[in-house]
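> here are the coordinates; sequence isn't available:
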Ligand code: PEP
C-alpha cells in the first residue's frame with residue numbers, strides 16, 4: 001500500500017538532552033504545531049529523564065510522546081529499567097523497541113524484543129519495532145532473510161496496525177550519512193509488507209517507517225519509495241527546523 005496511511009515522523013533523541021535543551025526543543029516543535037497543522041503525525045522520544053518535562057511542554061499540541069525502550073515486566077526488581085506502564089503513566093503513547101543500538105549494546109535478541117512488545121501492548125502503548133541488516137549482511141545478499149527473521153522473532157501474536165509500527169533501519173545507515181537507494185528501500189519495505197501478512201490481520205494498514213540518516217535533503221525522495229509510511233529520525237530530530245522539514249516531506 002502506498003501513501004494511503006497517515007505518515008508518522010518519529011524523532012529518536014537517544015541519550016541526548018539535558019532538561020533545558022529538551023524542553024526548548026519540545027517547545028519549539030509545539031509552537032510550530034500551534035501555528036500550522038502538523039504535516040503528519042509527529043512523535044518525539046526523549047530520554048526517560050525528560051519524559052515528564054517534555055510531556056508538559058507539548059501538552060495540547062497534538063505531538064505524541066514515546067519511550068526509547070521498556071522492560072518486559074510491569075514492575076519489580078530491575079534496577080535501572082523502566083516499564084511500559086511507567087511510560088504510559090508519563091504520557092507516552094509509543095515505545096521504540098529493538099533499536100539496533102540496543103540489539104548491539106545490550107545484546108537484545110528477537111525473543112526479548114517480542115516479550116517487550118507484549119508488555120508494551122499490555123500497557124496500551126504502540127510498539128515501533130526496529131529491524132535491519134548490518135553492512136556485512138547486506139553485502140552477503142542476506143537483507144531480506146534477516147528482516148524476515150527479525151520480524152518473525154520480534155512480533156508477538158495479536159498485534160494489529162493500531163498497536164505496532166515497523167521501522168526498517170539498515171544498521172549501516174544509522175548515523176553514517178549513508179542511505180540505501182530508493183529502489184533498495186522500496187524492495188525491503190515491499191518485502192516487509194508481504195511478510196507482515198503472516199503475522200498481522202491488517203498488514204496493509206501497518207505503518208512501515210524508514211530510518212537511517214534521514215535528513216531534510218533526502219527525506220522527500222525516501223518518502224516517495226513504495227510502502228514508506230514515515231520516518232524514524234535520529235540526529236536530525238535534535239534540531240526543530242530539520243525535524244519539521246522532514247515531517248513536511250512525510251506529508
Ligand atoms: C536512529 O537511530 O533510529 C536513526 C535513524 O539515527 P540517524 O537518523 O541519526 O541515522
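Done, it's in. All figures in this text were calculated on a predicted structure; none of them were measured in a lab. Numbering: from 1, shown residues only.
> OK, contacts around the closest residue to the ligand within the stretch 101-250 of the chain?
At 2.1 Å from the ligand, residue 234 is the closest residue in the stretch 101-250 of the chain, using Cβ to the nearest ligand atom. The way it works is simple: take the backbone N, C-alpha and C, and place the C-beta from them, glycine included. The contact partners of residue 234, by Cβ atoms under 8 Å, 6 or more residues apart in numbering, come to 12, 14, 174, 175, 211.
> what of residue 120?
70, 84, 95, 97, 126, 127.
> just those now: which is nearest residue 54?
Residue 54 has its nearest neighbour among the contacts of residue 120 in residue 95, at 14.6 Å by Cβ to Cβ.
> report how many residues lie close to the closest residue in space to the closest one that isn't next to it in sequence.
Excluding the flanking residues, the one nearest residue 95 by Cβ to Cβ, 6 or more residues apart in numbering is residue 67, at 4.4 Å. Using other Cβ atoms under 10 Å, residue 67 has 25 other residues around it.
> just to revisit the earlier point, of the contacts of residue 234, which ones also sit close to the ligand?
12, 174, 175, 211 (Cβ under 6 Å from any ligand atom).
> now, of the residues you listed, which are buried?
Buried by 16 or more other Cβ atoms under 10 Å: 12, 174, 211, out of these.
> near the nearest residue to the second one once chain neighbours are set aside, how many other residues are there?
Using Cβ to Cβ, 6+ apart and skipping residues adjacent in sequence, the residue nearest residue 174 is residue 212, 5.0 Å away. The local packing count at residue 212 equals 26, with neighbours defined by other Cβ under 10 Å.
> again, but for residue 144
Using other Cβ under 10 Å, residue 144 has 16 other residues around it.
> I'd assumed residue 191 was in contact with it.
Yes: proximity of residue 144 to residue 191 meets the contact threshold set by Cβ atoms under 8 Å, at 5.1 Å.
> if we can go back for a sec, for the contacts of residue 234, work out which two are farthest apart.
Top of the distance list for the contacts of residue 234 (Cβ to Cβ): 14 and 211, 11.9 Å.
> residue contacts, residue 213?
By Cβ under 8 Å, 6+ apart, the contact list for residue 213 reads 173, 174, 175, 176, 177, 178, 179, 235.
> and the next helix or strand past the longest helix anywhere in the chain?
The helix spanning the most residues in the chain, taking DSSP state H as the definition, is helix 19-35. As assigned by DSSP states H and E, the chain's next helix or strand after helix 19-35 is strand 41-45.
> now for that following strand, which elements pack on it?
If you count contacts as 3 or more Cβ pairs under 8 Å, 6 or more residues apart in numbering; DSSP states H and E, strand 41-45 packs onto strand 8-12, helix 19-35, strand 64-67, strand 94-97.
> what does the third one contact?
Defining contact as Cβ under 8 Å, 6+ apart, one finds that strand 64-67 is touched by 10, 41-46, 48, 51, 54-55, 58, 82, 84, 87, 90-96, 125, 128.
> and the residues you listed near the ligand, which?
Of the residues in those, proximity to the ligand by Cβ under 6 Å from any ligand atom holds for none.
> can you tell me which of the residues you listed are buried?
When burial is judged by neighbour count using 16+ other Cβ under 10 Å, the buried members of the contacts of strand 64-67 are 10, 41-46, 48, 51, 54-55, 58, 82, 84, 87, 90-92, 94-96, 125, 128.
> what does the stretch 151-251 of the chain put close to the ligand?
Counting by Cβ under 6 Å from any ligand atom, the stretch 151-251 of the chain comes close to the ligand at 169, 174, 175, 211, 212, 213, 214, 232, 233, 234, 235, 236.
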